[in-house]
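Trainee: Show me how the following folds:
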Amino acid sequence: MHWLVREILGRTTRRITRIWFRRFETATTRCRDVQHRVLFEKLKRNQTSDFGREHRFDQIHSIADFRKHVPVTDYSYFEPYIDRVKRGEVAAMFGPKTKLHMFATTSGTTATPKFIPVTHEFLKEYRFGWMLWGIRTYDMHDAIYRLKVMQLSGDWQQSFTEAEIPCGSISGLTMQSQCRIVRERYCVPSDLMKIQDANAKYYAALRFSLPWSVGMATAANPSTLINLAKLGDAEQENLLRDLSDGTLSADFDIPPAVRKRVEPLAKQRHPERVRELERVISETGHFYPKDYWPELQVVSNWTGGSMGAYLRRYPQYWGGIPVRDIGLIASEGRMTIPVEDGTRAGVLDLMHQFFEFIPEDEIDSENPTVLEAHELNEGERYYVLLTTSSGLYRYNIHDLVRCVGYYHS
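Mentor: Okay, here's the model as predicted:
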């Protein structure tokens, strides 16, 4: 009966999410109008904030007005306002009804950490972007619907501001806030995100994932999945012993509080799975994901920039399965949603962020050309400016992108 309920709920969820993806498809046919609506909703929401009053949000009625009152910016421009929000002065950047969940921390291209406010609206948009990505990924690899997902994420409570606001990884908060039905699809307990030691996290993730048939493995950086696979091979004896005995090895630096919460989940023994894994080792001479998860459908992570060096090693550990880019995404916001395997390209997340672009050769100009998404030229390169629900406006994230074509408009 439990299986039947899950199957019915799964089919219902798929129907609903496909309706949501059709909304996204419709939005891509009228990019300009959707982008303008997104911008003015954000400006209106924070019009009464100190930042909004100082930049005359109440007088912005057009894109030209927006560019007149708000300059192209970087993190240093927002830092004084963000410092106030860290002290609990939410009105420095946001309207009176804004709920602040955390700060996403990132070092980016500088040595000094950046603190990106994660409001309720920003979190909702961030999660929706991931859902759009997931819908297309699952529909292209529909066997994943009956398999498990192994996903690694960070801790959203690594530290706290003086106002006791959490700081850390937004991916951790996203995982923590998933509903129970969604959580059941994942085999890595959310408590493991609090493990700071990389090897300990890899080991624990494998310990709780090996009993299952995994259909997709996800991490931001492909080096994570390479290192996880290598550690699994090196620790095969420990892993098989833990699966056989219903234990979690004491050889790794797992915080006591985390160990206390997850050890009850490890008590179940898996003798049949252990025998199956022993056969894998006997037949292959190693212990790699491509062998112990033969039903694996897709691996997902960044594929652009310098990631190619790691991706070339994937066949050895993960086999010849498709690799799906997770999109151009940062603590500051999601920029693209890939809709195909094997490409770094993705469709702009036009329903959630407002995008502007500066041609590559004009980035140092005092008065550069600034374009909207529907104005780009195929084949040309641009720097991206973001306006988001995290209180960033015309924010130069210093990412250089190339327009490879159009998806509708």
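
Trainee: Okay, now the unreliable bits of the protein?
Mentor: Low-confidence segments of the chain (pLDDT under 70): 1-14, 16, 107-111.

Trainee: Tell me which residue lies farthest from the centre of it.
Mentor: Ser282 (37.0 Å; CA atoms, centre = their mean).

Trainee: distance of the closest residue to Gln316 other than its chain neighbours from Arg207?
Mentor: With sequence-adjacent residues excluded and distances taken as CB to CB, 6 or more residues apart in numbering, Gln316 is closest to Tyr288, at 7.3 Å. The C-beta positions use only the backbone N, C-alpha and C, and glycine is treated the same way. Going from Tyr288 to Arg207 by CB to CB, to the nearest Å gives 16 Å.

Trainee: again with Gln236
Mentor: Distance from Gln236 to Arg207, by CB to CB: 12 Å.

Trainee: Secondary structure class of the residue nearest the centre of the chain, three-state.
Mentor: In the chain, the centroid-proximal residue (CA atoms, centre = their mean) is Ser171; its distance is 5.6 Å. With DSSP: H, G, I helix; E, B strand; the rest coil as the basis, the three-state label of Ser171 is helix.

Trainee: shouldn't it be in contact with Asp155?
Mentor: No: taking contacts as CB atoms under 8 Å, Ser171 lies outside contact range of Asp155: 9.4 Å.

Trainee: so who does Arg32 touch?
Mentor: The neighbours of Arg32, taking CB atoms under 8 Å, 6 or more residues apart in numbering as the test, are 372-374, 409.

Trainee: among the residues you listed, which ones are buried?
Mentor: 372-373 (16 or more other CB atoms under 10 Å).

Trainee: one step back: quick check: the residue nearest to Gln316 touching Pro315?
Mentor: No: with contact defined as CB under 8 Å, Tyr288 does not reach Pro315; the gap is 10.3 Å.

Trainee: Helix or strand next in line after whichever strand or helix holds Trp20, which one?
Mentor: Assigned by DSSP states H and E, Trp20 falls within helix 2-28. Downstream of helix 2-28, the first helix or strand assigned by DSSP H and E is helix 31-45.

Trainee: Identify each buried residue in that following helix, please.
Mentor: 31, 34-35, 38-40, 42-43, 45.

Trainee: Strands of the stretch 301-409 of the chain, residue ranges please.
Mentor: 323-325, 329-330, 333-334, 336-337, 347-348, 354-359, 371-372, 381-387, 395-402 (DSSP state E, counting those that start in this stretch).

Trainee: what's the neighbour count on Thr369?
Mentor: 12 (other CB atoms under 10 Å).

Trainee: Relative to Leu386, how far out is Gly333?
Mentor: Gly333 is 6 Å from Leu386, by CB to CB.

Trainee: One more: Tyr314?
Mentor: Applying CB to CB to Tyr314 and Leu386 gives a distance of 31 Å.

Trainee: picking that back up, tell me which two in the buried residues of helix 31-45 are the farthest apart.
Mentor: Spatial extent of those (CB to CB) is set by the pair Cys31 and Arg45 at 21.5 Å.

Trainee: returning to what we had before: what about Gln236 and Arg207, which has more around it?
Mentor: Ranked by neighbour count (other CB under 10 Å), Gln236 and Arg207 place Arg207 first, with 24 against 19.

Trainee: Contact partners for the more buried one?
Mentor: Going by CB under 8 Å, 6+ apart, the list of residues near Arg207 reads 239, 242-243, 248-249, 266.

Trainee: Now it: which helix or strand?
Mentor: Using DSSP H and E, Arg207 falls within helix 198-209.

Trainee: Now for Ser171 and Asp155: what residues contact both?
Mentor: By CB under 8 Å, 6+ apart, the residues touching both Ser171 and Asp155 are Met193.

Trainee: Touching, His141 and Val299? I think so.
Mentor: No: contact criterion CB under 8 Å: His141 and Val299 do not qualify, at 10.7 Å.

Trainee: who's more crowded, these two?
Mentor: Val299 (24 against 19).

Trainee: Could you verify that that one is part of a strand?
Mentor: Yes: per three-state DSSP, Val299 lies within a strand segment.

Trainee: and it, what is it in contact with?
Mentor: Applying CB under 8 Å, 6+ apart, the residues near Val299 are 216-218, 222, 225, 314, 318, 321-324.

Trainee: before we move on, what about Ile358?
Mentor: Here Ile358 is in contact with 72, 368-371, 382-383, 385, 396 (CB under 8 Å, 6+ apart).

Trainee: what do you get if the cut-off is 6 Å, keeping everything else the same?
Mentor: Applying CB atoms under 6 Å, 6 or more residues apart in numbering to Ile358 gives the contacts 368, 370, 383.

Trainee: Can you tell me which of these has the largest number of neighbours?
Mentor: Result: Tyr383 is most packed of those (other CB under 10 Å), 19 neighbours.

Trainee: so it bridges to which residues?
Mentor: Going by DSSP bridges, Tyr383 is paired in beta bridges with Ile358, Leu400.

Trainee: The residue nearest to the centre of the chain - nearest residue in space that isn't next to it in sequence?
Mentor: Going by CB to CB, 6+ apart, Ser171 has Ser153 as its nearest residue, at 3.9 Å.
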